[in-house]
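Colleague: Predicted model follows, preceded by the sequence.
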Amino acid sequence: MDRLTTHVNRQAVADTLDRIYRQYHQRAYVHPDPLEFLYAWEDVQEREMVGLVAACLAYGRVVQILKSVAAVLEKMGPSPRRFATRSPFKTMSQTFSGFRHRFADGDRLAALLYGAGRVVRQFGSLENGFAAGLTPNRENLFPALNHLFDQLTRGRRSPGHLLPDPGKTSACKRLHLYLRWMVREDRVDPGGWRCVAPSELVVPLDTHMHRIGRRLGFTHRHQADRRTALEVTDGFKTFCAEDPVRFDFSLTRLGIRSELDMECLPLG
């Protein structure tokens, strides 16, 4: 009976995940989501800079997130990459004087952008800066993220909490969200990075995805930290090993779309 129940539950989870994916994994359901800012950029090196800005500001109320990202990109001008790689820190700080997003001010933002420009000047792109931290027999992408973090924060000025530290126990939701945008390539995620495969991605875990992971039986942990993110990712891998993050966008519509709520998910 236990085996039958497990099989039935697993099939119910698989069917529900596929149904939600087919219905909501579409561009029409992206707004409001900071991901929408990436669509305007065909050049991958511009897109990766825009994506970094959008991902690092992706906390707090979504209305404020969209407002902040739009304001930053407007001030960066027609080429965010050129702004980041060619502007002195003083110019950046002056450009964003008066900027505030939650606890982040213009100097924190300038530190992030100046660090991003330094990485591009040294490695040629943010992707190369990330790829330089990859190891052949890696278990996950946290060491590479840690390498990118170190490169972005090498200067005297710190971006503060705009950039989560992968060397700590945090799930680093915003950095994994950034990787999802840049690595996956389909009708929702624009992609562009080739250094890693979608199979290596980790679920961008926040409290919402943590609740989903617990409901589906992927984790029993109470903390939404790195270990939990890896457990939830492993749970999704049992349904789609080659792309465990494929359900992330559609599942985050729960709570945004009035016709969807957590109760539509079967208990795993």
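Modeller: Arrived safely.
Colleague: can you count the residues close to the residue nearest to S199 when sequence neighbours are not counted?
Modeller: With sequence-adjacent residues excluded and distances taken as CB to CB, 6 or more residues apart in numbering, S199 is closest to E242, at 5.0 Å. Where you see a C-beta, it was placed from the backbone N, CA and C, and this is true even at glycine. Counted with other CB atoms under 10 Å, the neighbours of E242 add up to 9.
Colleague: And for L134?
Modeller: L134 has 14 neighbours, counted by other CB under 10 Å.
Colleague: Remind me which helix or strand it belongs to.
Modeller: Take DSSP states H and E as the rule and L134 turns out to sit in neither a helix nor a strand.
Colleague: Quick check: the gap between it and F142.
Modeller: For L134, the distance to F142 (CB to CB, to the nearest Å) stands at 11 Å.
Colleague: E185 against G192, yeah?
Modeller: Yes: at 7.2 Å, E185 counts as touching G192 under the criterion of CB atoms under 8 Å.
Colleague: Next, the spatially most central residue of the chain: secondary structure please.
Modeller: Residue closest to the mean C-alpha point of the chain, counted by CA atoms, centre = their mean, is L177 at 0.9 Å. Classification of L177 by DSSP: H, G, I helix; E, B strand; the rest coil places it in helix.
Colleague: show me the contacts for the nearest residue to it once chain neighbours are set aside.
Modeller: Leaving aside its sequence neighbours, L177 sits nearest to P204 (CB to CB, 6+ apart; 4.0 Å). Contacts here follow CB atoms under 8 Å, 6 or more residues apart in numbering; on that basis P204 touches A171, K173, R174, H176, L177, R180, V245, D248.
Colleague: D225 - how many residues pack around it?
Modeller: 16.
Colleague: Contact partners for it?
Modeller: T169, S170, A171.
Colleague: Which of those are buried, as a PyMOL select command?
Modeller: The PyMOL command for the buried members of those (criterion: 16 or more other CB atoms under 10 Å) is given here:
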select buried, resi 170+171
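Colleague: quick one, strands of the stretch 51-200 of the chain?
Modeller: Shown for the stretch 51-200 of the chain, the strands assigned by DSSP state E, counting those that start in this stretch span residues 100-101, 104-105.
Colleague: In a markdown table: these, plus mean pLDDT, mean neighbour count and distance to H147.
Modeller: Formatted as a markdown table, the strands of the stretch 51-200 of the chain follow (pLDDT from 0 to 100; neighbours: other CB atoms under 10 Å; distance: least, CB to CB, whole Å):
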| stretch | mean pLDDT | mean neighbour count | distance to H147 |
| --- | --- | --- | --- |
| strand 100-101 | 95 | 16 | 26 |
| strand 104-105 | 96 | 20 | 23 |
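Colleague: Now distance to N9 too, for the ones you listed, in TSV please.
Modeller: Formatted as TSV, the strands of the stretch 51-200 of the chain follow (distance: least, CB to CB, whole Å):
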stretch	distance to N9
strand 100-101	42
strand 104-105	43
